[in-house]
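Colleague: How does the following fold in three dimensions:
(one chain, ligands or ions: 1)
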Amino acid sequence: MSKESILQIFSEKYKNKYRVYPDSLKEGKNSFFFMVRNDKSKYLIIVGNSDISGKFEGEFLGKLTLNKKTLSVKMAYLNHRNLSLLQEIFPYLYPSPAGLKKSFGTGDRLGIATPAHIQAFKDKDIFPVLAQQSARENARTGRTWQQVLDEAIWGCFETGYEGKFGADADHVKKIEDLSKAVDCGYTMFTIDPSDFVKDDIQQLSEREKDEIYNRISEKDKLEKLYLDKTYTVGGKKFHFDARSLRDIVITYFKALQHVVKCYGFLKDYKKGGFDFEISIDETSFATSPLAHIFITEELHRRGVNFQNLALRFIGDWQKGIDYIGNVDEFAGELSYHAIIAKNFGPYKLSLHSGSDKFSVYPTFAEKTQDLFHIKTAGTSWLEAVRVIAEKDPYLYRQIHHFALGNFEKDRASYHVTTDLSRIPEVDRLPDDELKGLLDQPDSRQLIHITYGSILTAKDKKGNFLFRNQIYKALFKYEDDHYKNVSSHIKKHLNLLA
Ligand SMILES: [Zn+2]
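Modeller: Numbers count the residues shown, from 1 in each chain. Prediction:
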């Protein structure tokens, strides 16, 4: 019995009820597994061995006859329990670490874009990190670590993807969050020690800095290790004098202690290998090569085996739009960081806020010699909203007005230079020009930054204002949604591969 005949017979019998995702079809345990959808939802169909399908939660639909054999047909829900059973049968549905392979993260805030992301990675030699959300994003979208991971894996199943993929618990600040993400099955952990970074050092007097420094009990040891030491990187000398060492130590030392603690926890708690990233990308000032050397040397001295390091690079890295700054200057500074990462590691340099940074991608790939990881998230959300602007102008206008009303509040946690006065009055724009708003930096950032409010806002009765309508529209126009997101992510990947 061939795979194709199963789909044919199923489709004939249920043609008015379900549409099949043909690429999802897999064979295992004497049964066939594939995904279908109706106009409301998606399901897993299991045809064959009822001992196997009986373990899945769902409903029996009936029976099919194929080559005089009677096969049971079960419609199973896309829930966590069923996914776990499916992973046991098809182990490639478990995420795995990327190690030092060049990699790219596609944060999916809605949890429905993975099939589009997989399409974008086709024929590209870049390791996909398909599940990637930060603790902050989860708080804003009302999703959990488990949901994020499960939805990405269902997306893999839908497309029939059997390749490797990663799952990044991004910007984690607390050990309890790490522990939850390990329990869910994540394979990459990005520690954000920013609560312990002294970010206001430039406002302190020399005396204040000395006072803080003198309170650091390890300072004598650190001076023995680094004071008056010179490192040559790319032909340039980087020297720790008393002042630069003091400033770097008071800025980062406590943060590094937190990282060491998190790493120790993961090493004990997580069975099997994992990718470990440290992100210090959200400081108000760029990470200097000297500070980079200190961070790496300290982490290695204290036994932290990390694969990725996210620095704060020079220039302006705003959300959802291209790099603002001098690309040549960035390239010059980056070349020192890349040499440090290669010679002191090797480890990958990680680029956060990577959405739409088209002008720096070629440089980033070249200077790092493919030792890179890139994170995007907002850009997939924006491409989803573009579909709404195109297909459901009424819904888009409502979202747009709501976003304008929430912008001042929501921008507080972002560094952006959005000017709302440059955004055209949305009620005066003809329908077919609405999608163009997603090409204009100001309106792009408006929708980028307010995503949490848009997705969680409720009316007085406690019903979501937009969330269900957004999902409904994207479900209805799924092909357009997939096409938009995949071609946009491909634009990113083409510049990197
Ligand atoms: Zn970041």
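Colleague: Burial check on whichever residue of the chain sits closest to the ion, number of neighbours?
Modeller: Residue nearest to the ion within the chain (CB to the ion): His352, separated by 3.1 Å. No exception for glycine: its C-beta is placed from N, CA and C like everyone else's. The number of residues packed near His352 is 25, by other CB atoms under 10 Å.
Colleague: Let me know the pLDDT of it.
Modeller: Note for His352: predicted pLDDT of 95.
Colleague: Now it: phi and psi?
Modeller: With angles defined as degrees, to the nearest 10, His352 sits at phi -90, psi 170.
Colleague: doesn't Ser279 make contact with it?
Modeller: Yes: under the criterion of CB atoms under 8 Å, His352 makes contact with Ser279 at 6.4 Å.
Colleague: So for the two, which residues contact both of them?
Modeller: Residues within reach of His352 and of Ser279 at once, by CB atoms under 8 Å, 6 or more residues apart in numbering, are Ala310.
Colleague: How far off centre is the helix ranked longest in the chain?
Modeller: In the chain, with assignment by DSSP state H, the single longest helix is helix 242-269. The chain centroid and the centroid of helix 242-269 are separated by 24 Å under CA atoms, centre = their mean, to the nearest Å.
Colleague: Please list the residues outside the helix or strand that comes right after it that contact it.
Modeller: Following helix 242-269 in sequence order, the next helix or strand is strand 275-279 (DSSP states H and E). For strand 275-279, contacts defined as CB under 8 Å, 6+ apart pick out 97-99, 166, 168, 171, 187-194, 259, 263, 266, 295, 299, 304-310, 350, 352, 373.
Colleague: Which parts of the stretch 201-350 of the chain are helices?
Modeller: 206-214, 219-226, 242-269, 289-301, 327-344 (DSSP state H, counting those that start in this stretch).
Colleague: Select, out of those helices, the one closest to Phe10.
Modeller: helix 242-269 (43.3 Å; CB to CB).
Colleague: For the closest one, enumerate the helices and strands it packs against.
Modeller: If you count contacts as 3 or more CB pairs under 8 Å, 6 or more residues apart in numbering; DSSP states H and E, helix 242-269 packs onto helix 175-184, strand 188-191, helix 206-214, helix 219-226, strand 275-279, helix 289-301.
Colleague: Okay, angle between it and helix 206-214 too, please.
Modeller: Helix 242-269 and helix 206-214 are oriented at 40 degrees to each other (axes from the mean of the first three to the mean of the last three CA atoms, to 10 degrees).
Colleague: Could you pull out the helices in the stretch 51-200 of the chain for me?
Modeller: For the stretch 51-200 of the chain, helices defined by DSSP H, counting those that start in this stretch occupy the ranges 80-89, 114-121, 135-141, 145-159, 175-184.
Colleague: out of these, which comes closest to Tyr231?
Modeller: Proximity to Tyr231, assessed across the helices of the stretch 51-200 of the chain by CB to CB, is greatest for helix 175-184 (32.0 Å).
Colleague: Report the inter-axis angle for that closest one versus helix 242-269.
Modeller: Relative orientation of helix 175-184 versus helix 242-269 (the same axes, to 10 degrees): 40 degrees.
Colleague: Now stretch 234-243: average pLDDT?
Modeller: Averaging pLDDT along stretch 234-243 yields 97.
Colleague: what about it, how long is it end to end?
Modeller: Stretch 234-243 has its terminal residues 23 Å apart, counting by CA to CA, to the nearest Å.
Colleague: now swap in stretch 277-295 and tell me
Modeller: 13 Å.
Colleague: What of stretch 318-338?
Modeller: Stretch 318-338 has its terminal residues 22 Å apart, counting by CA to CA.
Colleague: is it anywhere near the ion?
Modeller: No: for stretch 318-338, no contact with the ion is found by CB under 5 Å from the ion; the gap never falls below 10.5 Å.
Colleague: circling back: can I get the helices and strands packed on helix 242-269 in CSV including mean neighbour count, mean pLDDT and distance to the ion?
Modeller: Formatted as CSV, the helices and strands packed on helix 242-269 follow (neighbours: other CB atoms under 10 Å; pLDDT from 0 to 100; distance: least, CB to the ion, whole Å):
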stretch, mean neighbour count, mean pLDDT, distance to the ion
helix 175-184, 17, 97, 15
strand 188-191, 26, 98, 8
helix 206-214, 13, 97, 26
helix 219-226, 14, 98, 27
strand 275-279, 25, 98, 5
helix 289-301, 20, 98, 16
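Colleague: Throw these into a markdown table and include distance to Thr417, thanks.
Modeller: As requested, the helices and strands packed on helix 242-269 are exported to a markdown table (distance: least, CB to CB, whole Å):
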| stretch | distance to Thr417 |
| --- | --- |
| helix 175-184 | 31 |
| strand 188-191 | 26 |
| helix 206-214 | 31 |
| helix 219-226 | 37 |
| strand 275-279 | 23 |
| helix 289-301 | 26 |
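Colleague: between the ones you listed, which gets nearest to Leu130?
Modeller: Here strand 188-191 is closest among those (CB to CB), at 11.0 Å.
Colleague: which secondary structure elements does the closest one contact?
Modeller: Helices and strands touching strand 188-191, by 3+ CB pairs under 8 Å, 6+ apart, are strand 127-134, strand 166-172, helix 175-184, helix 242-269, strand 275-279.
Colleague: hey, C-alpha coordinates of it in CSV?
Modeller: What follows is strand 188-191, C-alpha atoms only, in CSV (Å, rounded to 0.1, in the frame of the first residue of the first chain):
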residue,chain,number,x,y,z
MET,A,188,19.5,26.4,23.8
PHE,A,189,19.5,28.8,26.7
THR,A,190,20.3,32.5,26.4
ILE,A,191,21.2,34.1,29.7
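Colleague: ok, and what's touching that strand?
Modeller: By CB under 8 Å, 6+ apart, the surrounding residues in contact with strand 188-191 are 97-98, 129, 132, 134, 166-173, 178, 181-182, 258-259, 262-263, 266, 274-279, 308, 310, 350.
Colleague: can you rerun that using 6 Å?
Modeller: With CB atoms under 6 Å, 6 or more residues apart in numbering as the test, strand 188-191 has contacts from 166, 168-172, 259, 262, 266, 275-279.
Colleague: Take the contacts of strand 275-279 and, keeping just the buried ones, write it as a ChimeraX select command.
Modeller: Paste this into ChimeraX to select the buried members of the contacts of strand 275-279, with burial taken from 16 or more other CB atoms under 10 Å:
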select :97,98,166,168,171,187,188,189,190,191,192,193,194,259,263,266,295,299,304,306,307,308,309,310,350,352,373
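Colleague: what does the stretch 301-450 of the chain put close to the ion?
Modeller: Checking the stretch 301-450 of the chain against the ion by CB under 5 Å from the ion, the hits are His352.
Colleague: pLDDT value on Phe165, please?
Modeller: 98.
Colleague: do Pro430 as well
Modeller: 98.
Colleague: tally of neighbours for it?
Modeller: Counted with other CB under 10 Å, Pro430 comes out at 7.
Colleague: Mind splitting the protein into its structural domains?
Modeller: 3-89, 93-379, 380-494 (automatic domain parsing).
Colleague: most packed of these?
Modeller: Burial of the domains of the chain is given as mean neighbour count (mean count of other CB atoms under 10 Å); domain 93-379 ranks first at a mean of 19.
Colleague: can you give me the end-to-end distance of that one?
Modeller: In domain 93-379, first residue to last residue: 25 Å (CA to CA).
Colleague: quick one: that domain to chain centroid distance?
Modeller: With CA atoms, centre = their mean, you get 12 Å for domain 93-379.
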